[in-house]
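Visitor: Fold the following and give me the result.
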Amino acid sequence: MKKREFILVASILTTLIIIVGSIQAGNIQTKKPTESLLQTNTVSYQFSQPSVKDNNDFVTLQINEVTNYRNIPGEPILPVVMKTLELPFGTLVNNVRCTITGTHEIQLIKKIAPATKPVPIPTQNQIVQPIENAEIYTKNQFFPDNWYSYRLTGGLNKDNILKTFLTIQVNPVRYNPVVDRIQSLDTITIDITYEQPLHPFSPLSDAYDLVIICYNKYAPLLQFLVAHKNSHGVQTKLVTINDIKGGTYFPVEGRDIQEKIKYFIKNAKETWNITYVMLVGNYVQVPVRYSYLETDKGSAYEELRFASDLYYADLYNANGSFCSWDTDNDGIYAEWPYPQPPEDKVDLAPDVYVGRLACMFKSEVKTMVDKIITYENTTAGKDWFNRMVVAGGDTYDKSEEGGTNYTEGETVTGKALEIMPQFTPVKLWTSLGNLTTKNIHNEISEGCGFLFFAGHGSPNMWATHNNSDYRNWTGEFSNSDMVKLSNKDMYPILLVGGCHNSEIDVTPINIIRGFLKEKFHYFSTGPNDFGSFWLYNWVPECWSWVFVKARGGAIASIGSCGYGCDQIGDGDHDGIPDCTQYYDGWLELEFFRLYNQQNITILGQTYYQDVTGYINNFPVDTNRYDAKVLETHILLGDPSLKIGGYQ
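Guide: As a prediction, this is how the structure comes out:
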């Protein structure tokens, strides 16, 4: 009897073990990457042999199939190919294998020219000198080390879908500067094996498109804007800073108020699937995050920190983890000390589209609500929108390298007009003799869809120079001029090239701070030793915001919180002005291309796809100047704005 009971119990236990084992094995199997999640992508290029061009003290290289160049200051200017693949968000790269054929070596008679440093926009008579990076030019080895490199970022694509971007850089030529020899290749094939995520990004709902985060006292004034947005199908949620601090919608996360706001935006993305974030309040009311990316430490243009609203847009790293901008956890964000490598990993690619109404007072909130509603409801079909006004002159002196002497402001604004051929061009150029304060006022007051200034700036003014006349200014347009504008209900999108035009953290208190730091030198007017008073960071509000908040003025602006960054001359000797190919110039022109050629007509999407395009075309992880271009630029306006209004 006991024997039978034992056999029965043993049989039952064996059966249970088999069943449980099968269940466990099934669970384990589902957690392992399945074959369908492993993917391979192949990128191949074929190149002709490089041609060598003698340019005075240096040589440059050209390859028929390549139109881009490495442009990192001090490094050799070499042809480069950039290719970006869009992969499911959170994709991991398992393996990269490179196959090359047909390598060749060529002896050069001179060294390859190094890229020059970009010029800060306050500089007028800068003669650019190419300076070799000793760590590269004194090493008896080929540069770059590899024929290719790659990096991963995570952000929204042009369809507003989160993706992991795999950007591959191919180096078809490598250079040994000690023996002045180059290596080139005929073909390169790169095989990338990657693993897609088991659980793709999937928000809990599609409840809202736009979240407005505002200073507490502004909430009642924004109700009409919320209703207006909802009426046009832009589902909108209004949230105050107190709501975020109090955990009204999500548990509070973060070390300081800026990080609490960013975590709130992340939670709103994952819960409501938001695309747009509008911050309403000045730099104190909705606090800015400061970036500590340094470019010119110890020089006259030292700028050890600057405000960056891109911080709030960059939620994720490529693998889907939170992007803190402070990977070493020292409380110093986006830290990149000059001239050392970066200390914080910053993804930069936007995961939501952020704009700010930098309102200081309730009256400004009321004005902006009225302007946005009027613009979106009445602009469509109006003739004034089809005008495009540009202003520019000779921003810099000629570049010694290459002997070119472009009128940079006219060149870049002229290129913008070429990209927008259906708009009636209005050129206010020094070469035409019509760039005056009065003419700027008159043309804006006539109404225009787009307004583009390219020159020099401060928080108080924009201006430029006549050709080769760097002792005198022309075309001055200051904060006080904006109150005279009479373009009510005819508001342009404003792009401005210049230093600090969008420096939203200005305050009159800076006069006291500046005097205590510099004493009477603070007011110095020496040509090469000016005091910080003349940076105008003590005005109540910056130029770009004064332009937007005016009852006339613009509906939104895009400009820099810090020093602008331009490339002058034609250092790569491809016959194209560098001011249109690199740094601020590329960013400005790409905005117009995305609007007119890609038909992206929502303001925040247009601007932030511009940012993503910049990341995918330039080495923002190794060239501090490229990273600074993106971190300093800010959208002052409604990121969900329909450019040209609703039909």
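
Visitor: So which residues of the stretch 251-400 of the chain form helices?
Guide: Counting by DSSP state H, counting those that start in this stretch, one finds helices in the stretch 251-400 of the chain at the ranges 257-272, 310-313, 362-378.

Visitor: Of these, which stretch is the most buried?
Guide: Among these, judged by mean count of other Cβ atoms under 10 Å, the one packed with the most neighbours on average is helix 310-313 (a mean of 25). Where you see a C-beta, it was placed from the backbone N, CA and C, and this is true even at glycine.

Visitor: what packs against that helix?
Guide: Secondary structure elements in contact with helix 310-313, counted by 3 or more Cβ pairs under 8 Å, 6 or more residues apart in numbering; DSSP states H and E, are helix 257-272, strand 276-280, strand 353-357.

Visitor: Now distance to E294 too, for the helices of the stretch 251-400 of the chain, in CSV please.
Guide: Formatted as CSV, the entries for those read as follows, by distance: least, Cβ to Cβ, whole Å:
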stretch, distance to E294
helix 257-272, 20
helix 310-313, 17
helix 362-378, 33
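
Visitor: between these, which gets nearest to E408?
Guide: Proximity of the helices of the stretch 251-400 of the chain to E408 was assessed by Cβ to Cβ; the nearest stretch is helix 310-313, lying at 25.2 Å.

Visitor: Quick one: mean pLDDT for that closest one?
Guide: Averaged across helix 310-313, pLDDT comes to 99.

Visitor: before we move on, what about stretch 365-383?
Guide: For stretch 365-383, mean pLDDT rounds to 99.

Visitor: How far off centre is it?
Guide: 27 Å (Cα atoms, centre = their mean, to the nearest Å).

Visitor: Check stretch 76-96 too.
Guide: Relative to where its chain is centred, stretch 76-96 has its mean C-alpha point 19 Å off (Cα atoms, centre = their mean).

Visitor: pLDDT on it, on average?
Guide: Computed over stretch 76-96, the mean pLDDT rounds to 96.

Visitor: Any buried residues in it, and which?
Guide: Of the residues in stretch 76-96, those buried under the neighbour-count criterion (16 or more other Cβ atoms under 10 Å) are 76-81, 84-85, 87-91.

Visitor: Just the ones of the residues you listed in strands?
Guide: Using DSSP state E, 79-81, 84-85, 87-88 are the members of these that sit in strands.

Visitor: Quick check: of those residues, which lies closest to E135?
Guide: Among these, and counting by Cβ to Cβ, the member closest to E135 is V80, at 19.3 Å.

Visitor: Okay, the closest one and Y69: tell me how far apart.
Guide: The gap separating V80 from Y69 is 6 Å, by Cβ to Cβ, to the nearest Å.

Visitor: what are the ranges of the helices in the stretch 451-600 of the chain?
Guide: Listed in chain order, the helices of the stretch 451-600 of the chain (DSSP H, counting those that start in this stretch) span residues 479-482, 509-518, 543-549, 583-596.

Visitor: Check which helices and strands the shortest one sits against.
Guide: The reference is to helix 479-482. Identification of packing neighbours for helix 479-482 by 3+ Cβ pairs under 8 Å, 6+ apart yields helix 437-445, helix 543-549.

Visitor: Apply 7 Å and report the result again.
Guide: Using 3 or more Cβ pairs under 7 Å, 6 or more residues apart in numbering; DSSP states H and E as the contact criterion, the secondary-structure elements in contact with helix 479-482 are helix 543-549.

Visitor: Output the helix it packs on as PDB - backbone C-alpha positions only.
Guide: C-alpha atoms of helix 543-549 as PDB (Å, rounded to 0.1, in the frame of the first residue of the first chain):
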ATOM      1  CA  TRP A 543      16.500  91.700 -28.100                       C
ATOM      2  CA  SER A 544      14.800  88.500 -29.500                       C
ATOM      3  CA  TRP A 545      12.200  88.400 -26.700                       C
ATOM      4  CA  VAL A 546      11.500  92.200 -27.000                       C
ATOM      5  CA  PHE A 547      10.900  91.600 -30.700                       C
ATOM      6  CA  VAL A 548       8.400  88.800 -30.000                       C
ATOM      7  CA  LYS A 549       6.600  90.300 -27.100                       C
END
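
Visitor: tell me which residues in it are buried?
Guide: For helix 543-549, a neighbour-count test (16+ other Cβ under 10 Å) marks 543-549 as buried.

Visitor: repeat for stretch 636-647
Guide: By neighbour count, with 16+ other Cβ under 10 Å as the criterion, the buried positions of stretch 636-647 are 636-645.

Visitor: Quick one: end-to-end distance for it.
Guide: Terminal residues of stretch 636-647 are spaced 24 Å apart (Cα to Cα, to the nearest Å).

Visitor: Contact partners for C565?
Guide: Residues in contact with C565 (Cβ atoms under 7 Å, 6 or more residues apart in numbering) are 118, 583-584, 625, 628-629.

Visitor: Give me the neighbour count for the closest residue to V288 other than its chain neighbours.
Guide: Nearest residue to V288, sequence neighbours excluded (Cβ to Cβ, 6 or more residues apart in numbering): A307, at 3.9 Å. By other Cβ atoms under 10 Å, the residues close to A307 number 23.

Visitor: How about H500?
Guide: Neighbour count of H500, defined by other Cβ under 10 Å: 29.

Visitor: still on that earlier bit, so which of the helices and strands packed on helix 310-313 is nearest I615?
Guide: Using Cβ to Cβ as the measure, strand 353-357 is the one of these that comes nearest I615, at 14.7 Å.

Visitor: What mean pLDDT does that closest one get?
Guide: For strand 353-357, the mean per-residue pLDDT is 99.

Visitor: how distant is it from the center of its chain?
Guide: 13 Å.

Visitor: just checking, what packs against that strand?
Guide: Judged by 3+ Cβ pairs under 7 Å, 6+ apart, the packing partners of strand 353-357 are strand 276-280, helix 310-313, helix 603-617, strand 633-636.

Visitor: Low-confidence stretches in the stretch 251-400 of the chain?
Guide: Screening the stretch 251-400 of the chain residue by residue with the criterion pLDDT under 70, one finds the ranges 300, 398-400.

Visitor: Same check on the chain?
Guide: In the chain (pLDDT under 70), the answer is 1-36, 121-128, 300, 398-404, 527.

Visitor: Distance check, the residue nearest the centre of the chain against A463.
Guide: Central residue check for the chain by Cα atoms, centre = their mean: the C-alpha nearest the mean position is that of L630, 3.0 Å away. When Cβ to Cβ is applied, the distance between L630 and A463 equals 25 Å.

Visitor: and what of G449?
Guide: Look at G449 and A463: by Cβ to Cβ, they are 24 Å apart.

Visitor: before we move on, what about H456?
Guide: As it turns out, when the distance is counted by Cβ to Cβ, H456 lies 6 Å from A463.

Visitor: higher neighbour count, these two?
Guide: Here H456 and A463 are compared on neighbour count by other Cβ under 10 Å; more neighbours surround H456, at 28 against 21.

Visitor: Find the nearest non-adjacent residue to the more buried one, please.
Guide: Using Cβ to Cβ, 6+ apart and skipping the chain neighbours, the partner closest in space to H456 is G498 (5.3 Å).

Visitor: same deal with I161?
Guide: If you skip the residues right next to it in sequence, I161 has F89 as its closest partner in space, 8.0 Å away by Cβ to Cβ, 6+ apart.

Visitor: I'd like the distance between that neighbour and T164.
Guide: When Cβ to Cβ is applied, the distance between F89 and T164 equals 5 Å.

Visitor: which neighbours do these two share?
Guide: Counting by Cβ under 7 Å, 6+ apart, the shared contacts of F89 and T164 are G154.

Visitor: Put together TSV for the helices and strands packed on helix 310-313, with distance to L315 on each row.
Guide: What follows is the helices and strands packed on helix 310-313, written out as TSV (distance: least, Cβ to Cβ, whole Å):
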stretch	distance to L315
helix 257-272	5
strand 276-280	10
strand 353-357	10
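
Visitor: Out of the ones you listed, which is closest to Q196?
Guide: Going by Cβ to Cβ, the one of those nearest Q196 is helix 257-272, 19.0 Å.

Visitor: Next, the angle strand 276-280 makes with that closest one.
Guide: Per axes from the mean of the first three to the mean of the last three Cα atoms, to 10 degrees, the angle that helix 257-272 makes with strand 276-280 is 150 degrees.
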